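In: Pasting the sequence and the predicted model now:
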Amino acid sequence: MRAIQIVAPGRPEFVEVPVPTLRPGHGLVRPLLLSLCGSDVRSVYYAPEDEYPLAVGRGGHEVIAQVEALAGSPPGVGVGDSVMALVPGDAGMSERFVTATDNLLALPADCPREHLLMAQQLGTVIFACRRLPNVVGMDTVVIGQGSAGLFFDAMLRRLGAERVVALDVIEQRVAAGLKLGATHALNIHGVDPISAVADITGGRMADLVIEAVGEPETINLMPHLVRKGGHLMSFGVPRGPHVFPFDYFSLFRKTCHFTSSDGTIEEPGRRSTRMALDLIAKGEIDVTPMLTHRLSFARVKEAYELARSREDGVIKIVIDMVA
């Protein structure tokens with residue numbers, strides 16, 4: 001079977017590998033659709049040099065798949081079913097893979113698969129929101145309007161935030177922020193985001209700032225946008241080096257609460273991802289503004305580069321594994 005292996009920074013290659021062996025408590029699945037995430041871009045281009053070559057299949061973990069074999073009995077899932085398949089180690093960019101039966105989630109009926117595909121990313125955002133304080137009435141800022149940032153816009157409004165200020169440097173993503181629930185959406189290319197947030201909040205600054213990009217510049221921006229005693233969440237996986245200059249003094253002076261979020265796949269019952277599937281299936285969160293590109297598996301190298309460059313109005317790229 002074919003799979004992707006990242007052999008060096010920016011060098012994804014197709015490789016031929018055996019179909020993995022089914023183990024007890026696991027299922028063998030055939031991916032139908034994948035979508036690319038910022039953490040996949042990090043794997044392809046920005047992982048530490050000594051990590052390359054990466055494990056076969058790394059560079060894809062948002063997956064709708066068909067179940068080909070089972071060595072267990074996941075609830076509501078049988079051989080031949082289409083499922084959301086959560087991927088350990090982000091190693092799903094291949095024509096087959098094995099995952100624990102707990103990671104095979106039944107799909108709601110009567111909803112397009114590419115829409116349900118977005119539930120993996122939304123699930124990580126819901127999981128992160130469980131770590132936030134009560135946001136009712138808060139002024140909030142979301143830095144970055146990729147798919148994660150857009151889902152934070154939607155969830156913060158759903159949770160009762162009074163203002164959701166969406167920041168990005170790409171106009172199409174700024175516009176998508178307004179569609180997903182942001183009350184204010186600003187293209188900060190050439191605009192001072194600190195002054196802009198001060199104007200919107202009457203000088204108080206934000207009660208909560210979420211960073212959903214992972215660039216050193218946006219990570220360092222966080223403490224400048226939050227009020228004293230406010231809350232910060234680091235969500236974006238750093239795209240650059242593991243070590244970079246950080247404005248710790250500004251963070252220290254704000255005496256704020258700081259948290260990050262990781263490990264959604266380890267959540268008991270995968271309840272955040274199941275909730276995401278339900279919200280999308282019921283139309284309570286509209287994912288259509290973020291579904292901008294669809295490419296075949298044969299063009300996955302092109303897809304990675306498009307995701308890295310953020311050109312052509314790209315927000316979310318769907319990889320069709322069977323086209």
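Out: Now that the structure is in, tell me what you want to look at.
In: What are the buried residues along stretch 137-149?
Out: The neighbour-count check on stretch 137-149 (16 or more other CB atoms under 10 Å) flags 138-149 as buried. From N, CA and C alone the C-beta is placed, and that goes for glycine too.
In: Inside helices: which ones of those residues?
Out: Among those, the members falling in helices (DSSP state H) are 147-149.
In: In a markdown table: the buried residues of stretch 137-149, plus distance to residue 307 and pLDDT.
Out: As requested, those are exported to a markdown table (distance: CB to CB, whole Å; pLDDT from 0 to 100):
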| residue | distance to residue 307 | pLDDT |
| --- | --- | --- |
| 138 | 31 | 98 |
| 139 | 31 | 98 |
| 140 | 26 | 98 |
| 141 | 24 | 98 |
| 142 | 19 | 98 |
| 143 | 18 | 98 |
| 144 | 14 | 97 |
| 145 | 14 | 98 |
| 146 | 9 | 96 |
| 147 | 11 | 97 |
| 148 | 13 | 97 |
| 149 | 15 | 98 |
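In: Would you convert those residues into JSON lines that also reports distance to residue 311?
Out: Listed next are the buried residues of stretch 137-149 as JSON lines, based on distance: CB to CB, whole Å:
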{"residue": "138", "distance to residue 311": "34"}
{"residue": "139", "distance to residue 311": "32"}
{"residue": "140", "distance to residue 311": "29"}
{"residue": "141", "distance to residue 311": "25"}
{"residue": "142", "distance to residue 311": "22"}
{"residue": "143", "distance to residue 311": "20"}
{"residue": "144", "distance to residue 311": "16"}
{"residue": "145", "distance to residue 311": "15"}
{"residue": "146", "distance to residue 311": "13"}
{"residue": "147", "distance to residue 311": "16"}
{"residue": "148", "distance to residue 311": "19"}
{"residue": "149", "distance to residue 311": "18"}
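In: Specify which member of the residues you listed is nearest to residue 261.
Out: Lowest distance from residue 261 to these (CB to CB) belongs to residue 148, with 10.2 Å.
In: and the closest one, what does it touch?
Out: Applying CB atoms under 8 Å, 6 or more residues apart in numbering, we find residue 148 in contact with 37-38, 121, 124-125, 212, 235-236.
In: that's a strand at residue 233, yeah?
Out: Yes: per DSSP: H, G, I helix; E, B strand; the rest coil, residue 233 lies within a strand segment.
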